[in-house]
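**Q** the sequence and its predicted three-dimensional model are supplied below.
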Amino acid sequence: MPAKPPFFSLITVVFNDAAGLRRTEQSVRAQTDRDFEWIVVDGGSKDGAVEFLQTLDLPYLSWTSERDKGIFDAMNKGTARARGQYVVYLNGGDAFSDAQCLADVRRSLEQAGNPELCYGGANWLFADGHRQYRAPRPFARAIRHGLPGMHQATFYRREFLDVPPYDLKYPVSADYYISARCYARGARACYVDRALADFGVGGNSMKKAAASLREAYDIQRDVLKLSWPERALSATRRYGAHRVLEALHHVLHPKRK
């Protein structure tokens, strides 16, 4: 008889970040709710990440190491292998905020009747050790301008996702695309207003702000069907939010001379 599928599929993509992978593994290992599988998709690391995976003898872990077309291609590969009822993308270097995260998410999902999405809060971590909490936002209102929650704290019902879930024509904003597609398909959402994940500020979308704005504009036009004035207003808001975050990042982590 086949083994019962787990409730959660935790998908981690990593490339040349052995230290970050160790941090992610520690937070996964600490979870009190053990009804999960952990799928690691390595992009062919040469810094010791593969050797670290080889040392792990964990019944819930499966992993591969091979070249891919980037982070979202790797996420698609992980999703194709996922057996869980809900999927979360906790990439190398990301971590759950504490040991009760999965237990609290499961409780919220079950109390809400197992909706298609669950958005949680997340801690923004800056290089100087400062952290700032970002709460999840109402799905229907937030999706018109951006993500209702950080992807590290977003849980998707596996059977509701497109196959593959991430569209590679959005190399920076495919995480926005996936939530927009869920909204367009009538997804329901529940919320956990507390930190579920910790992640470092300064990632791909911050470094490639112009591309992120262009891709979000296209997603709002093609997926959300927003009007031109709505898209223009959203682009202005997203640009302003990016500049504020960028300024905060530089204030808290000034460049050394």
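**A** Received, thanks.
**Q** hey, let's count contacts and neighbours off CA atoms from now on
**A** OK.
**Q** who touches residue 17 in this structure?
**A** 45, 47, 49, 92, 93 (C-alpha atoms under 8 Å, 6 or more residues apart in numbering).
**Q** which of those residues tops the neighbour count?
**A** When neighbours are counted by other C-alpha atoms under 10 Å, residue 92 leads these with 26 neighbours.
**Q** which one's the longest strand in the chain?
**A** Ranked by residue count and defined by DSSP state E, the top strand of the chain is strand 189-200.
**Q** quick one, helices of the stretch 101-250 of the chain?
**A** With DSSP state H, counting those that start in this stretch as the criterion, the stretch 101-250 of the chain has helices at 101-111, 139-142, 174-184, 204-207, 209-222, 228-252.
**Q** quick revisit: and the longest strand of the chain, what other elements does it pack with?
**A** strand 95-96, helix 101-111, strand 117-125 (3 or more C-alpha pairs under 8 Å, 6 or more residues apart in numbering; DSSP states H and E).
**Q** for the nearest residue to residue 20 once chain neighbours are set aside, give me its contacts.
**A** Spatial nearest neighbour of residue 20, chain neighbours left out: residue 93 (3.6 Å); criterion: C-alpha to C-alpha, 6 or more residues apart in numbering. By C-alpha under 8 Å, 6+ apart, the residues touching residue 93 are 17, 19, 20, 21, 22, 23, 24, 199.
**Q** cool, residue 169 as well?
**A** No contacts exist for residue 169 under C-alpha under 8 Å, 6+ apart.
**Q** related to what we said a few turns ago, now, which of the contacts of residue 17 sits nearest residue 6?
**A** residue 92 (21.4 Å; C-alpha to C-alpha).
**Q** related to what we said a few turns ago, got the contact list for the longest strand of the chain?
**A** Residues outside strand 189-200 that contact it (C-alpha under 8 Å, 6+ apart) are 93-98, 101, 104-105, 108-109, 112, 115-127, 133-136, 139, 152-153.
**Q** drop anything exposed from these.
**A** 93-98, 101, 105, 108-109, 115-126, 134-136, 139, 152-153 (16 or more other C-alpha atoms under 10 Å).
**Q** quick revisit: among the helices of the stretch 101-250 of the chain, which is the most enclosed?
**A** Most buried of the helices of the stretch 101-250 of the chain by mean neighbour count (mean count of other C-alpha atoms under 10 Å) is helix 174-184; its value is a mean of 21.
**Q** low-confidence ranges, the stretch 151-257 of the chain, go.
**A** 202-207, 239-257 (pLDDT under 70).
**Q** before we move on, back to that, got a markdown table for the helices and strands packed on strand 189-200, with mean pLDDT and distance to residue 57 too?
**A** Output for the helices and strands packed on strand 189-200, formatted as a markdown table (pLDDT from 0 to 100; distance: least, C-alpha to C-alpha, whole Å):
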| stretch | mean pLDDT | distance to residue 57 |
| --- | --- | --- |
| strand 95-96 | 96 | 20 |
| helix 101-111 | 98 | 21 |
| strand 117-125 | 95 | 29 |
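**Q** can you say which of these is nearest to residue 5?
**A** Once these are compared by C-alpha to C-alpha, helix 101-111 is nearest, at 14.9 Å.
**Q** just checking, what packs against the closest one?
**A** Going by 3+ C-alpha pairs under 8 Å, 6+ apart, helix 101-111 lies up against strand 189-200.
**Q** residue 86 and residue 11 touch, don't they?
**A** No. Residue 86 lies out of contact with residue 11 (C-alpha atoms under 8 Å); the separation is 10.7 Å.
**Q** about what we covered before: by neighbours, which of the contacts of residue 93 wins?
**A** Highest count within those by other C-alpha under 10 Å belongs to residue 21, 25 neighbours.
**Q** which element, helix or strand, includes it?
**A** Secondary structure assigned from DSSP states H and E places residue 21 in helix 18-29.
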